[in-house]
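>>> predicted coordinates and the sequence they were generated for:
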Amino acid sequence: MAIRPITDVDLRNKRVMIRADLNVPIANGKVTNDIRIMAALKGIRYCLDQGAAVLVLSHLGRPKEGQFDPALSLAPVARRLAEMVDARVLLKKDWLDGVEVQPGEVVLCENVRFNRGEKANNEFLAKQMAQLCDVFVMDAFGTAHRAHASTAGVAEYAKEACAGPLLMAELEALGQALRDPARPMLAIVGGSKVSGKLEVLSALSRRVNQLIVGGGICNTFIAAAGFEVGKSLYEPDLIESARSVISAAKMAGGEVPIPQDVVVARELSAEARSFVKPVDQVLADEMILDIGPKALERIKGMVASARTIVWNGPLGVFEIDQFGEGTKGLAEAVAASSAFSIAGGGDTLAALDKYGLANEVSYISTGGGAFLEFLQGKPLPGVMALKRD
């Protein structure tokens, strides 16, 4: 059953509700990275150009349901969105009881997670949302893996439901990488914990030609290879799971390379003194916070030979410059590659933005968890809800 794209729906003089992903970082009342807002603009502008009255839904952070939290209000997002869309954007706090919006106008509804029942996909809440619009547009790939009221629930009860341009582009790009990828296919998965990405690591180890792990995940793999990791973030109870991933990769003809050298420090801070060491010389009071130059050169070689690259997660604590050379070098290698490359996840996007390379990747995915679940072949509730008879 095909998903109906927004271009197949008459929007003129309709009340259109768009579920976008505007979950952006905010500091001192200002948006510090607007990549996700930029990605949502195409769908919002399309609706305005078609003569629709536009309601935009999004979450921000993880507030306690049923309680308004001013620290997680979408007010800064509304201000930035108004600047970028070049239209008046009104933020509506109490929107479930009704919203006044005219064709050509945009109303940003306050954080959907302030509503009790959002995460549980409460039927009454989903119906309340659906009654506010003539057309529901799911355009938040980053939340498509969540069966929430504002993603899957409202789509079920809306008069019409369709996919926005961002969602359609995400599904096409990721589908291209999985259906029949050009090989060799390289996957890079970083992050703090193996436990959060064990399923995707297991799935990818059997699907890709090469698998690179980074961050805290890599520390667990280093320990699994029998090396000392000192005070590094790692998961000793998942060492056997890491070894299973390594074995699966080998059986599939690939590998999960353990870095020959690493960057260590005795504390995690911007003032910390860093050292490059062979991986077998890490001391008990040191933390591994990045890969070393030899390991980076090896990874660059793998990137250069790949024809399809999927990247989710940094290789080190890139926010601090002395622990960011691995992630920076990887980003530069991916940007220089002629392979079809997809990068996804908040930290990955932040790294590409920091190094000015976001436009050098074939496709930037706005999803983190959805990106990973799609790679595993799991159905996404926010997408499945759009499939109607």
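Arrived safely, thanks for sending.
>>> low pLDDT regions in this protein?
Within the chain, the segments meeting pLDDT under 70 span 1, 389.
>>> show me the helices in it, by range?
Using DSSP state H, the helices of the chain run over 35-49, 75-85, 123-130, 154-157, 165-179, 198-207, 215-224, 239-251, 293-305, 325-336, 346-354, 369-375, 381-384.
>>> so which of those helices comes closest to Ala187?
With C-beta to C-beta, the closest approach to Ala187 among the helices of the chain belongs to helix 198-207: 4.6 Å. Backbone N, C-alpha and C define where each C-beta goes, glycine included.
>>> buried sites along that closest one?
198, 200-205, 207 (16 or more other C-beta atoms under 10 Å).
>>> which member of these is positioned nearest Ala158?
Among the buried residues of helix 198-207, and counting by C-beta to C-beta, the member closest to Ala158 is Val200, at 31.3 Å.
>>> count of neighbours near the residue lying closest to that closest one once chain neighbours are set aside?
Distance criterion C-beta to C-beta, 6 or more residues apart in numbering; nearest residue to Val200, sequence neighbours excluded, is Leu372 at 4.5 Å. When neighbours are defined as other C-beta atoms under 10 Å, Leu372 has 25 of them.
>>> what do you get for Thr32?
Neighbours of Thr32 using other C-beta under 10 Å come to 12.
>>> now Lys387
14.
>>> wait, isn't it in contact with Ile3?
Yes. Counting by C-beta atoms under 8 Å, Ile3 is a contact partner of Lys387 at 6.1 Å.
>>> re earlier: for the helices of the chain, which one sits closest to Glu360?
Across those, closest to Glu360 is helix 325-336 (C-beta to C-beta), at 3.4 Å.
>>> report the contact partners of Val101.
15, 53-55, 90, 107 (C-beta atoms under 8 Å, 6 or more residues apart in numbering).
>>> how much space between it and Arg80?
19 Å (C-beta to C-beta, to the nearest Å).
>>> likewise Val107?
In terms of C-beta to C-beta, Val107 sits 16 Å off from Arg80.
>>> ok, now Thr348?
Counting by C-beta to C-beta, the gap from Thr348 to Arg80 is 21 Å.
>>> could you dump the buried residues of helix 198-207 to TSV with distance to Pro181?
Output for those, formatted as TSV (distance: C-beta to C-beta, whole Å):
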residue	distance to Pro181
Leu198	22
Val200	16
Leu201	18
Ser202	18
Ala203	14
Leu204	12
Ser205	15
Arg207	9
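>>> returning to that earlier point: so which of Thr348 and Arg80 has more stuff around it?
Thr348 (29 against 20).
>>> was I right to think that one contacts Gly313?
Yes. Contact criterion C-beta under 8 Å: Thr348 and Gly313 qualify, at 6.1 Å.
>>> what is in contact with the two at once?
Contacts common to Thr348 and Gly313, judged by C-beta under 8 Å, 6+ apart, are Gly190.
>>> and the end-to-end length of stretch 50-64?
37 Å (C-alpha to C-alpha, to the nearest Å).
>>> buried ones in that stretch?
Buried, per 16+ other C-beta under 10 Å, within stretch 50-64: 50, 52-60, 63.
>>> what do you get for stretch 267-275?
272, 274-275.
>>> once you drop chain neighbours, what's closest to Asp290?
Here the residue nearest Asp290, using C-beta to C-beta, 6+ apart, is Gly316, at 3.0 Å.
>>> quick revisit: which of the buried residues of stretch 50-64 sits closest to Thr366?
Ser58 (11.7 Å).
>>> what is the burial count for the spatially closest residue to that closest one that is not a sequence neighbour?
Leaving aside its sequence neighbours, Ser58 sits nearest to Leu22 (C-beta to C-beta, 6+ apart; 3.8 Å). Neighbour count for Leu22, taken as other C-beta under 10 Å: 24.
>>> so how far is Ala120 from Leu22?
Distance from Leu22 to Ala120, by C-beta to C-beta: 22 Å.
>>> for stretch 216-234, what is the distance to the chain centroid?
The chain centroid and the centroid of stretch 216-234 are separated by 25 Å, computed with C-alpha atoms, centre = their mean, to the nearest Å.
>>> in that stretch, what's buried?
For stretch 216-234, by 16+ other C-beta under 10 Å, it's 216-225, 227, 229-234.
>>> now for the contacts of Val101: which two are most distant?
Arg15 and Leu90 (14.3 Å).
>>> more neighbours, the two?
Taking neighbours as other C-beta under 10 Å, Arg15 and Leu90 compare with Arg15 leading, 20 against 14.
>>> surely the more buried one and Ala53 touch.
Yes. Arg15 lies in contact with Ala53 (C-beta under 8 Å); the separation is 5.0 Å.
>>> related to what we said a few turns ago, just the closest of the buried residues of stretch 50-64 to Asp353, please.
Closest to Asp353, out of all of the buried residues of stretch 50-64 and judged by C-beta to C-beta, is Leu60, at 18.6 Å.
>>> could you check how far the closest one is from Cys109?
In terms of C-beta to C-beta, Leu60 sits 12 Å off from Cys109.
>>> who touches both of the two?
Going by C-beta under 8 Å, 6+ apart, no residue sits against Leu60 while also sitting against Cys109.
>>> quick one: neighbours of Glu332, just the number.
Glu332: 16 neighbours (other C-beta under 10 Å).
>>> check contacts around it.
355, 357.
>>> which one among the contacts of Val101 gets closest to Glu297?
Val54 (49.2 Å).
>>> so what's Val310 up against?
177, 185-188, 204, 208, 341-342, 375.
>>> reformat the residues you listed as CSV; add distance to Asn115.
Output for those, formatted as CSV (distance: C-beta to C-beta, whole Å):
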residue, distance to Asn115
Ala177, 35
Met185, 41
Leu186, 41
Ala187, 37
Ile188, 37
Leu204, 36
Val208, 40
Ser341, 38
Ile342, 33
Leu375, 30
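>>> and which of the residues you listed is nearest Ser150?
Leu375 (24.0 Å).
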